[in-house]
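Asks: My questions concern the predicted model and sequence given below.
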Amino acid sequence: MVAAPSLTQLALRCGLAVPFWRSGVNKWDGFLQLNDVAVLLFSSEFKLHLPGGPYDFPAPGVMAFAAGSAEILFPILLVFGLATRLAAFGLLLMTLVVQLTVPDGWPLHLTWAAMALGVMAWGPGRISLDHLIGTDKG
């Protein structure tokens, strides 16, 4: 038995959304209120593992806010299938930054990247707001 393409696309969208959503909700204490741990992670724990590094994240408060916001917004867009390819691209970029931050996590990061690329390539499917409003017939 073969799964319907739209059901597969919905599963890809939800599968990609879940780990980012879970990470995002842990960064907030309330509406637009980052918790202290999120800022602490970006200011002292997280490092960018680039050649010649590791390096501190620039503007850790801004980075924590941006990451926390993206980890909430992009998963919501993915689950509803709205601006789906853009949301998947955003999470692909975040996956690349996560890989630079936690290089040993590459097996999981590769899975996230594959899901994001799949959503970007095949679109949101029929079970999406993008399809319903006609912005993406994928």
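Replies: Yep, it's here. Residues are numbered from 1 along each chain as shown.
Asks: hey, let's count contacts and neighbours off CA atoms from now on
Replies: Will do.
Asks: State the mean pLDDT of stretch 27-41.
Replies: Mean pLDDT, stretch 27-41: 90.
Asks: which parts of stretch 63-81 are buried?
Replies: Within stretch 63-81, the residues scored as buried using 16 or more other C-alpha atoms under 10 Å are 63-65, 67-81.
Asks: In helices only, show me those residues.
Replies: Within these, residues falling in helices by DSSP state H are 63-65, 67-80.
Asks: Point to the residue nearest the middle of the chain.
Replies: residue 91 (3.1 Å; C-alpha atoms, centre = their mean).
Asks: dump the residue contacts of residue 43.
Replies: 56, 57, 60, 61 (C-alpha atoms under 8 Å, 6 or more residues apart in numbering).
Asks: Which of the residues you listed fall in strands?
Replies: Of the positions in those, residue 56 sit in strands, assigned by DSSP state E.
Asks: Of the contacts of residue 43, which is the nearest to residue 120?
Replies: Nearest to residue 120 among the contacts of residue 43 is residue 57, at 28.0 Å by C-alpha to C-alpha.
Asks: May I ask you to confirm that the closest one is in contact with residue 46?
Replies: Yes: contact status for residue 57 versus residue 46: in contact at 7.2 Å, counting by C-alpha atoms under 8 Å.
Asks: mind listing the strands in this protein by residue range?
Replies: Going by DSSP E, the chain shows strands at 28-30, 33-34, 47-48, 55-56.
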